[in-house]
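Chemist: next come a sequence and a model predicted from it.
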Amino acid sequence: MKTMLFLITMDLFNQEKINNILPYDGITNYHGKILSEEQSQYFYDALLHSIEWKNDEAVIFGKRIITKRKVAWYGDEKFDYHYSNVSKQALPWTKELLALKTIVEQESETTFNSCLLNLYHSGEEGMAWHSDGEKMLKKNGEIGSLTLGAERKFSFKHKTTKQKIDIVLERGSLLVMKDTTQTHWLHRLPPTKLIKSPRINLTFRTIVR
């Protein structure tokens, strides 16, 4: 385990692509920075002010929870997306989102028809352990995660062995989860008090009817 984390840290230092950071039961490729600093800043500023951000909701044991974290859902069609016992309807793409979609598709060599965006105002906002296994998502399909703004640690935990893998997602970087990753691994964005600036995360997905 220590060796795996060491190799990830060294590859990040050299900003190289890491083919499959998971040791087994799934494929998750880290493509490193796919945007320049200027591109990252431009898209971060544009999305921060143009996206229709709303506080996320979840229904847990019958109680509706409103999060500080904000979300938005966009797509080719008015796709319905159900998770945490709530439903969202996709909005039409903005020009910035379409530009980023094209960049991510070219880098990952796949296509997507929707994007779930998250806005974390500081490191104190995160995401608990979960897997993206909703029925409307393409089974074993790719999920492309693009980071803008603050760099944050991202963690994986195997559902059976409990082995953990940590990676720092750089500003302007792309992480692609695919194959059986969602079946066998949980992932989360752990909170931290050390980071004060916001992070925008775009997760490009494929919805199937």
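Modeler: Received it, and whenever you're ready, just let me know what you need.

Chemist: tell me which element the residue most central in space within the chain is part of?
Modeler: In the chain, the C-alpha nearest the mean C-alpha coordinate belongs to Ser145, at 3.7 Å (Cα atoms, centre = their mean). Per DSSP states H and E, Ser145 falls inside strand 143-149.

Chemist: partners of that strand, with directions?
Modeler: Looking at strand 143-149 with DSSP bridges, its partner strands are strand 173-178 (antiparallel), strand 199-205 (antiparallel).

Chemist: run through who's touching it.
Modeler: With contact meaning Cβ atoms under 8 Å, 6 or more residues apart in numbering, strand 143-149 is reached by 34-35, 40, 43-44, 47, 100, 104, 108, 110, 112, 132, 137, 169-178, 182, 197-205. Placement of C-beta: from N, CA and C, glycine included.

Chemist: any of those buried? List them.
Modeler: Buried residues within the contacts of strand 143-149, counting neighbours by 16 or more other Cβ atoms under 10 Å: 34-35, 40, 43-44, 47, 100, 104, 108, 110, 112, 132, 137, 169-178, 182, 198-205.

Chemist: how about the secondary structure of the nearest residue to Leu174 once chain neighbours are set aside?
Modeler: Counting by Cβ to Cβ, 6 or more residues apart in numbering, Leu174 lies nearest to His31, which is 4.2 Å off, once chain neighbours are set aside. Counting by DSSP: H, G, I helix; E, B strand; the rest coil, the backbone at His31 sits in strand.

Chemist: residues near the residue nearest to Glu105 when sequence neighbours are not counted, how many?
Modeler: Distance criterion Cβ to Cβ, 6+ apart; nearest residue to Glu105, sequence neighbours excluded, is Thr111 at 5.5 Å. If you count neighbours by other Cβ atoms under 10 Å, Thr111 ends up with 11.

Chemist: ok, Gln39 next?
Modeler: 16.

Chemist: just the pLDDT for it.
Modeler: Predicted confidence (pLDDT) for Gln39: 98.

Chemist: what's the angle from the strand or helix carrying it to strand 199-205?
Modeler: Gln39 belongs to helix 37-50 when elements are defined using DSSP H and E. Helix 37-50 runs at 90 degrees relative to strand 199-205, counting by axes from the mean of the first three to the mean of the last three Cα atoms, to 10 degrees.

Chemist: who are the packing partners of helix 37-50?
Modeler: helix 95-108, strand 143-149, strand 199-205 (3 or more Cβ pairs under 8 Å, 6 or more residues apart in numbering; DSSP states H and E).
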